[in-house]
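K.L.:
3D, please:
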Amino acid sequence: LVHLADLVKVFSSSRLEKLFGDVGYHLSSLNSYKEYDTYQKCLLRLSSWKGLYECLDEVSVDTSSHISHVERCMEVLFTLLPVVKSSCNVASGDTSSVEEWSEAVRCLGKAPQGWLLDFLKVCIHLIAPLCQLFPSKQ
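P.N.:
Predicted coordinates:
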């Protein structure tokens with residue numbers, strides 16, 4: 001899944017729609033797979049976040065049609081993010097949750113701002129002052 005961006009370059013739009021649909025379905029069904037242990041599921045989610053990041057990072061006019069599919073996959077992955085109760089996870093040696101959250105934040109940071117605000121239900125009037133302080137690179 002880390003190589004999704006490479007597939008975006010060679011697949012037709014109809015094939016991309018099917019591919020991202022399959023990825024979204026597989027990810028949403030991940031918790032029901034008994035053959036994967038917790039760590040393997042985490043690695044699959046990490047790989048997915050990294051692949052989606054690369055898709056967003058390489059967006060061009062030719063490939064922008066797949067963004068809605070990437071957004072749907074991010075929505076599914078977001079619901080699967082592990083709950084991190086405290087920093088004791090890192091102290092106990094379990095860094096996979098922190099790594100997964102880091103990849104998620106990195107990927108969400110590349111997402112189109114309008115979609116992200118809507119997805120996270122952030123009121124635009126709350127961030128307008130911040131946007132003036134930290135203008136985005138368009």
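K.L.:
which strand or helix spans the residue nearest to R72 when sequence neighbours are not counted?
P.N.:
By the measure of C-beta to C-beta, 6 or more residues apart in numbering, the closest residue to R72 outside its immediate chain neighbours is G24, 5.5 Å from it. All C-beta atoms are positioned from the backbone trio N, CA, C, and that covers glycine. Assigning secondary structure by DSSP states H and E places G24 in helix 13-28.
K.L.:
following element in sequence after that helix, please.
P.N.:
helix 38-57.
K.L.:
now that following helix: buried residues?
P.N.:
41-46, 48-56 (16 or more other C-beta atoms under 10 Å).
K.L.:
you'd agree E99 is up against S47?
P.N.:
No. If you go by C-beta atoms under 8 Å, E99 and S47 don't touch, sitting 11.6 Å apart.
K.L.:
and the next element down the chain from the lowest-mean-pLDDT helix or strand in the chain?
P.N.:
Within the chain, no helix or strand scores below helix 88-91, which has a mean of 52 by mean pLDDT, DSSP states H and E. Scanning forward in sequence from helix 88-91 by DSSP H and E, the next helix or strand is helix 96-110.
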